[in-house]
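My questions concern the predicted model and sequence given below.
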Amino acid sequence: GDSVTQMEGPVTLSEEAFLTINCTYTATGYPSLFWYVQYPGEGLQLLLKATKADDKGSNKGFEATYRKETTSFHLEKGSVQVSDSAVYFCALRRGGTSYGKLTFGQGTILTVHP
Amino acid sequence: DGGITQSPKYLFRKEGQNVTLSCEQNLNHDAMYWYRQDPGQGLRLIYYSQIVNDFQKGDIAEGYSVSREKKESFPLTVTSAQKNPTAFYLCASTGGQESSYEQYFGPGTRLTVT
């Protein structure tokens, strides 16, 4: 079945450091890939997405590129801020299913110190 | 503003009692979902519904029940048969092409059963 594996956390960084959170997936066909962010006590918000190979999703300084050859969708940000502290989830939706369910990774806790 | 509301934010129940979690959306979305979130395990799908009066089991449906009598509403009942009901429950919905089938999440309900 489909699965998503994220790098284990928690990740602790100083402000302005470079961030990478690794995400790899297993799925048949051509899934769409997503990064969601969850701030403390809240629901999930879509951060960025990519729907086909070599697409780059970007938002709020975060980027991720859909790499089919390595089945990866790593999240990066060049300079993190304290306000980026949250839990980040990588997820996939199997291709061809418009209302298809999402399969999530286990989440990575990011803490950014001033 | 359109969105998803879940109530209440915190819910406390005694073991052996059924409890119903509310989820309402005014986004005119066809599909709705219930997820359970436990620390370090990401989100797991409980039930989903693509249209009114129809729903399907997700990965961990045992001990839960749902109904979909109206497009806007998708309540989840946690029954006494659910062995470990204490968790954070998230409701989500997905619209049509104009939203690129993005899943929108509610703020969640934290259920504690003692």
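Structure received.

ok and the residue in chain B nearest chain A?
Nearest residue of chain B to chain A: residue B:105, at 3.7 Å (Cβ to the nearest Cβ). Every residue, glycine included, has its C-beta placed from N, CA and C.

residues touching the closest residue to that residue other than its chain neighbours, list them.
Spatial nearest neighbour of residue B:105, chain neighbours left out: residue A:43 (3.7 Å); criterion: Cβ to Cβ, 6 or more residues apart in numbering or on different chains. Each residue near residue A:43 by Cβ atoms under 8 Å, 6 or more residues apart in numbering or on different chains is listed here: B:4, B:6, B:90, B:92, B:105-108.

Against residue A:37, how distant is residue A:43?
To residue A:37, residue A:43 is 10 Å away according to Cβ to Cβ, to the nearest Å.

Just grab the bridge partners of the residue of chain B closest to chain A for me.
residue B:92 (DSSP bridges).

number of nearby residues for it?
By the criterion of other Cβ atoms under 10 Å in any protein chain shown, residue B:105 has 22 neighbours.

What lies in contact with the helix or strand of chain B with the lowest mean pLDDT?
Counting by mean pLDDT, DSSP states H and E, the weakest-scoring helix or strand in chain B turns out to be strand B:103-105, with a mean of 90. Outside strand B:103-105, the residues within contact range by Cβ under 8 Å, 6+ apart are A:36, A:43-46, A:102, B:3-4, B:25, B:27, B:29, B:33, B:90-95.

Try it again at 6 Å.
By Cβ atoms under 6 Å, 6 or more residues apart in numbering or on different chains, the residues outside strand B:103-105 that reach it are A:43-44, B:4, B:90, B:92-94.

and the spatially most central residue of chain B, what does it touch?
Using Cα atoms, centre = their mean, the residue of chain B that lies closest to the mean C-alpha position is residue B:34, 3.0 Å off. For residue B:34, the contacting residues are B:46-47, B:76, B:91, by Cβ under 6 Å, 6+ apart.

same thing with residue A:102?
A:91, A:93.

follow-up on the earlier one: how far away is the residue of chain B closest to chain A from residue B:3?
Distance, residue B:105 to residue B:3, using Cβ to Cβ: 10 Å.

Out of the contacts of strand B:103-105, which is nearest to residue A:12?
Nearest to residue A:12 out of these is residue A:44 (Cβ to Cβ; 21.8 Å).

Could you check the pLDDT of whatever residue of chain A ends up closest to chain B?
Closest approach between chain A and chain B, counting by Cβ to the nearest Cβ: residue A:43, at 3.7 Å. Residue-level confidence at residue A:43 comes out at 89, pLDDT.

Distance of it relative to residue B:8?
14 Å.

What of residue B:62?
24 Å.

outside of stretch B:54-63, which residues touch it?
With Cβ under 6 Å, 6+ apart as the criterion, stretch B:54-63 contacts B:44-49, B:66, B:68, B:79, B:81-82.

Kindly state the beta-bridge partners for the closest residue to residue B:38 other than its chain neighbours.
Spatial nearest neighbour of residue B:38, excluding adjacent residues (Cβ to Cβ, 6+ apart): residue B:87 at 5.4 Å. In this entry, residue B:87 is beta-bridged to residue B:111, by DSSP bridges.
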